[in-house]
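Q: model the structure of this input:
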Amino acid sequence: MQSLRPAGLLGNPSDGYFGKTISIIVKNFGAHISLYQSPELHIEPQEQDSTTYRNIYHLKESVSLIGYNGGIPLIKAAIKKFCEYCERNDIRLSNKNFTLRYSSSIPRQVGLAGSSAIIIATFRALMQFYQVEIPLKFCPTLPFPWKWKN
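A: Predicted structure coming up:
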């Protein structure tokens, strides 16, 4: 099955455009989050989150291709900001943990807003899991509280 996903062409919530973007539709690229209840809160690492390399050249090549971090720092930041948003708006989250698995087919470091897609997919999964509704107008700026306009 083919899917259509928006990709950032210009602008990004993190680059000073205050959540304004120009986007295009791209076939078969997207970020996907699987989140399910579990005894502990666990974020499953993906290949790009590896800290083990065959040798120094493998590390150099890996960093050149995918950068210094995989998706885990993005997901941690998204979870933290989701929790802060809920606290700030007197939304009490139920005391349940989850395991989160992510994947992305968006090419890295080519300006297609792959990191934003991972963050937004994480917010959507958290909202569904905790049954919290965040107004759409806040979603692009959630990771950036200095842009909130309550």
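Q: ranges for the strands of the protein?
A: 4-10, 22-27, 31-38, 42-43, 97-104 (DSSP state E).
Q: rank the ones you listed by mean pLDDT and give me the bottom one.
A: Looking over the strands of the chain, mean pLDDT reaches its minimum on strand 4-10, with a mean of 53.
Q: measure the closest residue to residue 43 other than its chain neighbours to residue 60 for me?
A: In space, and not counting its chain neighbours, residue 43 is closest to residue 100: 5.0 Å by Cβ to Cβ, 6 or more residues apart in numbering. From N, CA and C alone the C-beta is placed, and that goes for glycine too. Distance from residue 100 to residue 60, counting by Cβ to Cβ, to the nearest Å: 29 Å.
Q: look at those two and report which has more neighbours.
A: residue 100 (22 against 11; other Cβ atoms under 10 Å).
Q: buried sites along stretch 48-64?
A: Residues 49, 62 are the ones in stretch 48-64 that count as buried (16 or more other Cβ atoms under 10 Å).
Q: quick one: end-to-end length of it, please.
A: 12 Å (Cα to Cα, to the nearest Å).
Q: contact partners of that stretch?
A: By Cβ atoms under 8 Å, 6 or more residues apart in numbering, the residues outside stretch 48-64 that reach it are 66, 69, 70, 71, 72, 108.
Q: the second one: what's it in contact with?
A: This means residue 69. residue 49.
Q: state the pLDDT value of it.
A: Per-residue pLDDT puts residue 69 at 75.
Q: how about the last one?
A: Here, the pLDDT recorded for residue 108 equals 65.
Q: just the helices in this structure please.
A: 56-66, 72-88, 114-130 (DSSP state H).
Q: CA atoms of the last one as CSV?
A: The C-alpha coordinates for helix 114-130 follow below in CSV (Å, rounded to 0.1, in the frame of the first residue of the first chain):
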residue,chain,number,x,y,z
GLY,A,114,12.5,13.8,9.1
SER,A,115,13.2,14.9,12.7
SER,A,116,10.0,16.9,12.9
ALA,A,117,8.1,13.9,11.6
ILE,A,118,9.5,11.7,14.4
ILE,A,119,8.6,14.3,17.0
ILE,A,120,5.0,14.9,15.7
ALA,A,121,4.4,11.1,15.4
THR,A,122,5.6,10.7,19.0
PHE,A,123,3.2,13.4,20.2
ARG,A,124,0.3,11.8,18.3
ALA,A,125,1.1,8.4,19.8
LEU,A,126,1.4,9.9,23.3
MET,A,127,-1.9,11.8,22.9
GLN,A,128,-3.7,8.6,21.9
PHE,A,129,-2.0,6.5,24.6
TYR,A,130,-2.9,8.9,27.4
